[in-house]
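Enquirer: Predicted structure and sequence below. I'll ask about it afterward.
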Amino acid sequence: MARKQASSAAREPKTVFFCAECGNESPKWFGRCPHCEAWNSAREGPGRREATPARRAGYGATEGAASQPVRLEEIAPGAESRWPSGIGELDRVLGGGLVPGSLVLIGGDPGIGKSTLALQLAAALGRAERSVLYVSGEESPRQVKLRAERLVLRGGLDRLWIQSEIDLEAILAEVVRLDPALLVIDSIQTLYLSSLDAAPGSVSQVRECGLRLLRLAKERGMPVLLIGHVTKDGSVAGPRTLEHMVDAVLYLEGERHHEYRILGAAKNRFGSTHEIGVFTMQGDGLAEVENPSERLLRDRGDSVPGSAVVAAIEGSRPLLVEVQALVAPTHFANPQRVSQGIDPRRLAVVIAVLEKRAGLSLAGADVFVNVAGGIRLEEPAADLGLALALASSFRDRPLPADLVAIGEVGLGGELRPVPQLDRRLAEARRLGFRAAVVPRRSAPAGDAGALGASSLHEAIGRVLDPDAR
């Protein structure tokens, strides 16, 4: 009797607790996740089953066949072949196009344009004589058709197949039957495997479905595009292993009330993670922005205190954006420090340097900073432009309209050189900027428009003094 009870207990699925935010598993309940430190995120569910030979065979195209090790020197050299997607900004972020056999994950806030971008990609590949299977687990085929009509997709629809299904086994069967060039899953959180005792969207389902699709992409040499939901902090929902197993993780970002959408790569095994693609959300879908600097500066006002133009480098492309600052007397015991598009900690450092090294007293003032167009600046080369915008608003004196600021501000108030200064200056001159304040050590010789400054105090004096130029 005891032996029967032990055998039946061994057959029962093991129950574990997993974090709903990051997917970390634990045999015991926890109040705070030890991995991502999220509170009250523990969920109870079945643990991962042991992989039997039959289940392992289900991942591959050849049952029971194991890959053999190969010497590194015997592998044929050569670059990965790529398919141009027909969307230039997407190809820029991917590193040149879609790589056959790659697994790409796109995340973003609800309504930001993920499904729109995927549908436009499917139509573009259809125009290139490549068939696409678009699987929608959240919309009916009729809804996808209505969205396609709204986007006014031109051509390629005869090679686009729509399937409204969440059973991964049924989807894989259609892949074998249709043999598409690209598979789009919208979204990975809606899929499920009937062999798992868990609801769609759970950690175990997302993980196992991701592994199945990974094996499918590698063995058939077919790129697979996954659309993923995001959590409240902006990361892809589900286990962290999902981001580790895919080849590229792309994020589509932007403010809902701004027209610009920024596509960036958090991970890319076939290219750089520093490239960005710029789109505008229009009535007929996402439109590429070929010259983002000109578009971002077209609505810039002239002679407005607190406005400065900075030259940033995003991947291989120089980008000119406007930094706006507003310094006003505070009516609270603790002054406000609000920033959008700038890291709040970096803003705090620049304010401290302005007070200590440049003599500007901002302790009793509210500070508001915004990067126009919804762009996010992360590189230190924007420090000087941010500091000049704050000084301009504090003194209520506008900066020259044809001036661009480039430089990193150190804690001692010194201006440090930044890489690729020549490319930044060339982009500024192309857009009509005749002057630039730069670190003195990296100022190009013989350039009359380059105003070199060794410290932040000197730079403020040069640009805010009408006779300095």
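Expert: In hand now; what should we look at? Residues are numbered from 1 along each chain as shown.
Enquirer: so where do the strands sit in the stretch 101-250 of the chain?
Expert: Secondary structure of the stretch 101-250 of the chain (DSSP state E, counting those that start in this stretch): strands at 103-108, 132-136, 160-163, 182-186, 224-228, 248-253.
Enquirer: can you put those strands in TSV and add mean neighbour count and mean pLDDT?
Expert: (Glycine included, C-beta is placed from N, CA and C.) Converted to TSV, the strands of the stretch 101-250 of the chain look like this (neighbours: other C-beta atoms under 10 Å; pLDDT from 0 to 100):
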stretch	mean neighbour count	mean pLDDT
strand 103-108	25	95
strand 132-136	24	96
strand 160-163	19	95
strand 182-186	25	96
strand 224-228	26	96
strand 248-253	22	94
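Enquirer: could you dump those strands to TSV with distance to V175?
Expert: Shown next, in TSV, are the strands of the stretch 101-250 of the chain (distance: least, C-beta to C-beta, whole Å):
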stretch	distance to V175
strand 103-108	14
strand 132-136	6
strand 160-163	10
strand 182-186	6
strand 224-228	9
strand 248-253	20
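Enquirer: looking at the chain, which helix or strand is least sure?
Expert: Least confident helix or strand of the chain, by mean pLDDT, DSSP states H and E, is helix 53-59 with a mean of 40.
Enquirer: Which elements pack onto the longest strand belonging to the chain?
Expert: Criterion DSSP state E: the longest strand present in the chain is strand 317-329. Identification of packing neighbours for strand 317-329 by 3 or more C-beta pairs under 8 Å, 6 or more residues apart in numbering; DSSP states H and E yields helix 292-297, strand 307-314, strand 365-371, helix 383-395, helix 421-430.
Enquirer: wait, which of the ones you listed is closest to P200?
Expert: Of all these, it is strand 307-314 that lies closest to P200, at 36.5 Å by C-beta to C-beta.
Enquirer: Residues contacting that closest one, please?
Expert: 274-276, 297, 300-301, 318-325, 377, 379, 381-382, 384-386, 388-389, 392, 398-399, 403-406, 419-420, 423-425, 427-428, 433, 436 (C-beta atoms under 8 Å, 6 or more residues apart in numbering).
Enquirer: Show me which of these are buried.
Expert: Neighbour-count burial (16 or more other C-beta atoms under 10 Å) is assigned, among the contacts of strand 307-314, to 275-276, 297, 318-325, 377, 381-382, 384-386, 388-389, 392, 398-399, 403-406, 424-425, 427-428, 433, 436.
Enquirer: So the residue nearest to W83 when sequence neighbours are not counted versus G277, what's the distance?
Expert: Distance criterion C-beta to C-beta, 6 or more residues apart in numbering; nearest residue to W83, sequence neighbours excluded, is L98 at 4.5 Å. Distance of L98 to G277, computed by C-beta to C-beta, to the nearest Å: 14 Å.
Enquirer: Then D91?
Expert: 8 Å.
Enquirer: and of the strands of the stretch 101-250 of the chain, who's closest to K28?
Expert: strand 224-228 (28.7 Å).
Enquirer: Helices along the chain, start to end?
Expert: For the chain, the helices defined by DSSP state H occupy 2-11, 53-59, 88-94, 114-127, 141-151, 168-178, 203-220, 240-245, 292-297, 344-357, 383-395, 421-430, 456-464.
Enquirer: Figure out which of those is closest to L263.
Expert: helix 88-94 (5.3 Å).
Enquirer: For that closest one, buried residues please.
Expert: Residues E89, L90, D91, R92, V93, L94 are the ones in helix 88-94 that count as buried (16+ other C-beta under 10 Å).
Enquirer: So the last one sits against I106, correct?
Expert: Meaning L94. No. The criterion here is C-beta atoms under 8 Å, and L94 misses it with I106 at 10.8 Å.
Enquirer: any residues in contact with both of those two?
Expert: Counting by C-beta under 8 Å, 6+ apart, the shared contacts of L94 and I106 are L250.
Enquirer: pretty sure the residue nearest to W83 contacts S81?
Expert: No. Using C-beta under 8 Å, L98 makes no contact with S81, being 9.8 Å away.
Enquirer: Compare neighbour counts for the two and give me the winner.
Expert: The residue with more neighbours, out of L98 and S81, is L98; 27 against 12, by other C-beta atoms under 10 Å.
Enquirer: and the more buried one, what does it touch?
Expert: L98 makes contact with R82, W83, S85, V104, L182, P223 under the criterion C-beta under 8 Å, 6+ apart.
Enquirer: And R434, by the same measure?
Expert: R434 makes contact with D402, G449, according to C-beta under 8 Å, 6+ apart.
Enquirer: Would you mind giving both backbone torsions of it?
Expert: Reported as degrees, to the nearest 10, the phi and psi values for R434 are phi -100, psi -10.
Enquirer: Please tell me the pLDDT value assigned to the residue lying closest to A391 once chain neighbours are set aside.
Expert: Spatial nearest neighbour of A391, chain neighbours left out: I460 (4.8 Å); criterion: C-beta to C-beta, 6+ apart. On the pLDDT scale, I460 is placed at 95.
Enquirer: my guess is I460 contacts A389, does it?
Expert: No. Applying C-beta under 8 Å, one finds I460 not in contact with A389, separated by 11.0 Å.
Enquirer: In the beta-sheet assignment, what are the partners of the residue nearest to the spatial centre of the chain?
Expert: In the chain, the centroid-proximal residue (C-alpha atoms, centre = their mean) is Y251; its distance is 3.0 Å. Beta-bridge partners recorded for Y251 (DSSP bridges): G107, G264.
Enquirer: just V327 next, same as before
Expert: Counting by DSSP bridges, V327 forms beta bridges with V367.
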